[in-house]
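Trainee: Sequence plus predicted model, see below.
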Amino acid sequence: MGVLHRQYLGAAADRLRAVREALAARTLELVDFASESRAEAALAAHVLSLLPGARDAGDTCVLAGITERRDRPLVLLAGHLDTVPAQGNRPGRRDGDVILGLGASDMKAGVAVMIETALADPAARSVDLGFVFFGREELPAADSALTPLLAREPGLRTADLAIVMEPTANAIQAGCLGNIIARWTFAGTAGHSARPWLADNAIHRAARGIAALAEIPVETHAYGGLEFREAVSVTRVAGGIADNVVPDRAEALVNYRYAPGRTPGDAEERVRGWCEPHGALEIVSDAPSGRVPQDNRLLDRLRAAGDLALEPKQAWTPVAEFSLAGVDAVNFGPGDPAFAHRRDEQVEVSALEECFAVLERFACG
């Protein structure tokens, strides 16, 4: 091996080590910032201070890089700053190749990759990169800070592709499920539990309705060349006021996840058809699904940068918000969704490195 070749390999190895350690340190730094939903202000200010040329876009949002299309394709990297509530897992810690702590997977890891990508030298890139940080993603979709941001920043809507860096274990996941939450109320007649035949037990009515809903099978729905699974579940039940009173009211919460290609109106009609024969239904929220991008050359380029398969996103994510704004979007991030929201939330440093490398190859390709 020649001297110059050894020097080249040594320099490349040194750079890899530096990138790896920077990503690990940045993730741990972000984990240690408290940023539960509606308390993201301190972290937003920190991100703003890290990135030259970044601007405060209001309402916990920070923008950096190129945020309106110019002569070259524009790709947005997007990530939320908030986490679910702490479970005794902050501050974080590093254990060998693993960063542990609140938000490590969902999605301080993705935000760390965004920051380090924004700080990297853009000279070799053949696309423009914009960076979109926002809050309140972990709350119901109606509370998200992203949709209002897309409304007041028209330049973002000129992007050719948005990469939402939610945890995907470095797979590309396209589309996303719509998400209905509904309140299901059962009415009866109160009475003494010693003489239940003189009453009408609302909990018993609820039990019959819930049992019928449990028989609705999981349904596979093809869209955009991918297969999504639609499912309905009861996630909460409440009723009764005393041990000796037959209840006249019971309530359940219903959650229906529906595939791209199904309209919100159709989805709501299906839930009503299942539930309303048994009790009154009120739609609390309906977050529309996200489409699967078709014939997007930048998506093809992203897949090629990491030899990545395209998978369906079996959940709701902010790709739906970009879709509604007319921007093709996919999910791609280093966090493992299996660890999201867990007490032992974690991300591997090697996953951070891989994600960064794929984005670098993509942007420079």
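Mentor: Structure's in. What do you need?

Trainee: For the rest of this, base every contact and every neighbour count on C-alpha atoms.
Mentor: Fine.

Trainee: Name the nearest residue to Phe33, ignoring sequence neighbours.
Mentor: Among residues not flanking Phe33 along the chain, Leu43 sits closest, at 6.2 Å (Cα to Cα, 6 or more residues apart in numbering).

Trainee: Next up, the contacts around the one you found.
Mentor: For Leu43, the contact set (Cα atoms under 8 Å, 6 or more residues apart in numbering) comprises 30, 33-35, 81.

Trainee: same question, Val75
Mentor: Neighbours of Val75 in contact, by Cα under 8 Å, 6+ apart: 127-130, 159-163.

Trainee: and with 10 Å instead?
Mentor: For Val75, the contact set (Cα atoms under 10 Å, 6 or more residues apart in numbering) comprises 66-69, 127-131, 156, 158-163, 298, 328-329, 363.

Trainee: follow-up on the earlier one: by neighbours, which of the contacts of Leu43 wins?
Mentor: Leu81 (31 neighbours; other Cα atoms under 10 Å).

Trainee: Name the nearest residue to that residue, sequence neighbours excluded.
Mentor: Gly135 (5.2 Å).

Trainee: For that neighbour, give me its contacts.
Mentor: Counted by Cα under 10 Å, 6+ apart, Gly135 has contacts 35-41, 43-44, 59-62, 79-83, 143-146.

Trainee: Check what pLDDT Gly2 gets.
Mentor: Note on Gly2: pLDDT of 48.

Trainee: what do you get for Asn201?
Mentor: In this model, Asn201 carries a pLDDT of 98.

Trainee: and it, how many neighbours does it have?
Mentor: The number of residues packed near Asn201 is 24, by other Cα under 10 Å.

Trainee: Correct me if wrong: it contacts Arg208.
Mentor: No - the pair Asn201 / Arg208 is not scored as a contact, 11.1 Å apart, by Cα atoms under 10 Å.

Trainee: check contacts around Gly224.
Mentor: Residues near Gly224 by Cα under 10 Å, 6+ apart: 174-175, 260-261, 291-294, 312.

Trainee: could the contacts of Leu43 go into JSON lines alongside secondary structure and pLDDT?
Mentor: JSON lines is the format used below for the contacts of Leu43 (DSSP: H, G, I helix; E, B strand; the rest coil; pLDDT from 0 to 100):
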{"residue": "Leu30", "secondary structure": "helix", "pLDDT": "98"}
{"residue": "Phe33", "secondary structure": "coil", "pLDDT": "97"}
{"residue": "Ala34", "secondary structure": "coil", "pLDDT": "97"}
{"residue": "Ser35", "secondary structure": "coil", "pLDDT": "98"}
{"residue": "Leu81", "secondary structure": "coil", "pLDDT": "98"}
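
Trainee: What are the boundaries of the helices in this structure?
Mentor: Counting by DSSP state H, one finds helices in the chain at the ranges 3-31, 41-50, 109-119, 146-152, 202-214, 264-275, 297-306, 319-324, 349-364.

Trainee: In the fourth one, which residues are buried?
Mentor: Along helix 146-152, the positions that meet the burial threshold by neighbour count (16 or more other Cα atoms under 10 Å) are 146-147, 149-150.

Trainee: Would you mind putting those into a markdown table with pLDDT and distance to Thr117 alongside?
Mentor: Output for the buried residues of helix 146-152, formatted as a markdown table (pLDDT from 0 to 100; distance: Cα to Cα, whole Å):
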| residue | pLDDT | distance to Thr117 |
| --- | --- | --- |
| Leu146 | 98 | 21 |
| Thr147 | 97 | 24 |
| Leu149 | 98 | 22 |
| Leu150 | 98 | 22 |
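
Trainee: want to try TSV for these, with distance to Tyr223 as columns?
Mentor: Listed next are the buried residues of helix 146-152 as TSV, based on distance: Cα to Cα, whole Å:
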residue	distance to Tyr223
Leu146	25
Thr147	24
Leu149	28
Leu150	26
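
Trainee: and of these, the nearest to Asp344?
Mentor: The closest of those to Asp344 turns out to be Leu146 (Cα to Cα; 27.8 Å).

Trainee: Pretty sure that closest one sits against Arg157.
Mentor: No - counting by Cα under 10 Å, Leu146 stays clear of Arg157, with 11.9 Å between them.

Trainee: shared neighbours, the two?
Mentor: By the contact definition Cα under 10 Å, 6+ apart, Leu146 and Arg157 are jointly contacted by Phe322.

Trainee: Please name the residues that touch Leu146.
Mentor: Applying Cα under 10 Å, 6+ apart, we find Leu146 in contact with 59-61, 78-80, 132-137, 318, 321-322.

Trainee: Nearest to Ala169 among those residues?
Mentor: Proximity of the contacts of Leu146 to Ala169 was ranked by Cα to Cα; the top entry is Gly79 with 15.1 Å.

Trainee: so the closest one makes contact with Gly110?
Mentor: Yes - using Cα under 10 Å, Gly79 is in contact with Gly110, at 6.8 Å.

Trainee: Quick check: can you list the domain ranges of the chain?
Mentor: Following the assignment in automatic domain parsing, the chain carries domains at 3-175+291-364, 178-287.

Trainee: distance of Asn179 from Val292?
Mentor: 16 Å (Cα to Cα, to the nearest Å).

Trainee: max-length strand in this structure?
Mentor: Using DSSP state E to assign secondary structure, the strand with the most residues in the chain is strand 226-239.

Trainee: for it, what is the average pLDDT?
Mentor: 98.

Trainee: Quickly run through the sheet partners of that strand, with directions.
Mentor: strand 219-223 (antiparallel), strand 249-258 (antiparallel) (DSSP bridges).

Trainee: quick one: contacts for the residue sitting nearest the centre point of the chain?
Mentor: Among the residues of the chain, Thr317 comes closest to the average C-alpha position under Cα atoms, centre = their mean, at 3.8 Å. Listed by Cα under 10 Å, 6+ apart, the contact partners of Thr317 are 137-138, 141, 164, 166, 175-179, 287-290, 330-331.

Trainee: Nice, that's everything, thank you.
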